[in-house]
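Fold the following.
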Amino acid sequence: MLARWLLLAFALAVSTLSPASADELKGTLKQIRDTKTIRLGYLKTGVPFSFFDQNQPLGYSVDLCKRIATGIQQQLKLDALNIAWVAVDEATRFDAVINGQIDVECGTTTNTLSRQEKVDFSLPIWVDGATFVVKTSSPIKTHNDLGGKKIAVMEGTTTVPALQRALSSSFINAEVVLVKSHVDGLELLLKDKVDAYASDNTVLIGLALAVRQTMQVRFAEAMFSYEPYGLMFRKDDGDMRRAVNRVIASLYRSGGIKEIYMRWFGNIGEPTPLLAAMFILNSLPE
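Coordinates of the predicted model:
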């Protein structure tokens, strides 16, 4: 009799710990299962993380989202899962997530506490810092040299307040010029209408490589902010967050992230010690 009760208790415990059945799905995962479609947002000009080229979205964040789509398909046991790519930009990406136009935003969005009031984020996919580029002929080396200068920065990004804080804390009077896109910022720099263009370091590396035939730029000697990127999705959807993080953590544990990194950043060398540490610290066990 005791053995029978023990077996019954064990069976009940196992059933309590089992993942929710497909019928119990809710939120974003239920929608994905019912429509057999996942809607992924991408940036058109976020080289090398998220951009449009060769008639398709490409980039580091885009590749991560493709892996996540495959992982969610496997978790939901779907025979097939369609990907609907939706173009967003820095101004529309948050509304696209909040209003349900996209299920995951695959771009260069920095995870901040204030943004967590509106949306949720995945495990970190990148760590970076904001800096700026100048023409190679410019004498400017750090933000302390920006007094009386004009520095362009894309509106709606965390680089804007970070730059303003850096200038204010150093008592530097410089003019911050807001632009709509990275291309607009570099165009102003090329035409000498601004003295520098600021963004996240890795984004600037991609831009510098893209424009090297028409303009040679030099990087500032230091960064002025910390930028942890995450994939963005709707708030208070714990099942979706776990589904996304399960794929990311698995990529970090298996070393599969290295293949994606080398595809987009291999020309600038191995991951920095900070980025390598981020991969390790977020390789959560199953």
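
contacts and neighbour counts: CA atoms only from here.
Fine.

which other helices and strands contact the helix or strand harbouring residue 122?
Using DSSP states H and E, residue 122 sits in strand 119-128. Judged by 3 or more C-alpha pairs under 8 Å, 6 or more residues apart in numbering; DSSP states H and E, strand 119-128 is in contact with helix 93-98, strand 227-234, helix 238-254, helix 273-281.

So what touches the last one?
Applying C-alpha atoms under 8 Å, 6 or more residues apart in numbering, the contact partners of helix 273-281 are 124, 126-127, 252-253.

again, only this time at 10 Å
123-128, 228, 248-249, 251-253, 255, 257-258, 270-272 (C-alpha atoms under 10 Å, 6 or more residues apart in numbering).

Quick check on those: which are buried?
Buried members of the contacts of helix 273-281, counted by 16 or more other C-alpha atoms under 10 Å: 123-128, 228, 248-249, 251-253, 257-258.

Pick out the most distant pair among these.
128 and 253 (21.1 Å; C-alpha to C-alpha).

pLDDT weak spots in the stretch 1-150 of the chain?
Within the stretch 1-150 of the chain, the ranges that satisfy pLDDT under 70 run 1-23.

could you redo the last one with a cut-off of 90?
The model of the stretch 1-150 of the chain has pLDDT under 90 over residues 1-26, 45-48, 90-91, 128-129, 142-144.

Run the chain-centre distance for the strand holding residue 122.
Put simply, strand 119-128 sits 6 Å off its chain's centre (C-alpha atoms, centre = their mean, to the nearest Å).

Spell out the secondary structure type for the closest residue to residue 132 other than its chain neighbours.
Nearest non-adjacent residue to residue 132, counting by C-alpha to C-alpha, 6 or more residues apart in numbering: residue 198, 3.9 Å away. Of the three states, residue 198 takes strand according to DSSP: H, G, I helix; E, B strand; the rest coil.

List the residues that contact residue 198.
130-134, 151-154, 159-160, 163, 176, 182, 185-186, 204, 219-220.

Between helix 238-254 and the strand holding residue 122, find me the angle.
Per axes from the mean of the first three to the mean of the last three C-alpha atoms, to 10 degrees, the angle that strand 119-128 makes with helix 238-254 is 20 degrees.
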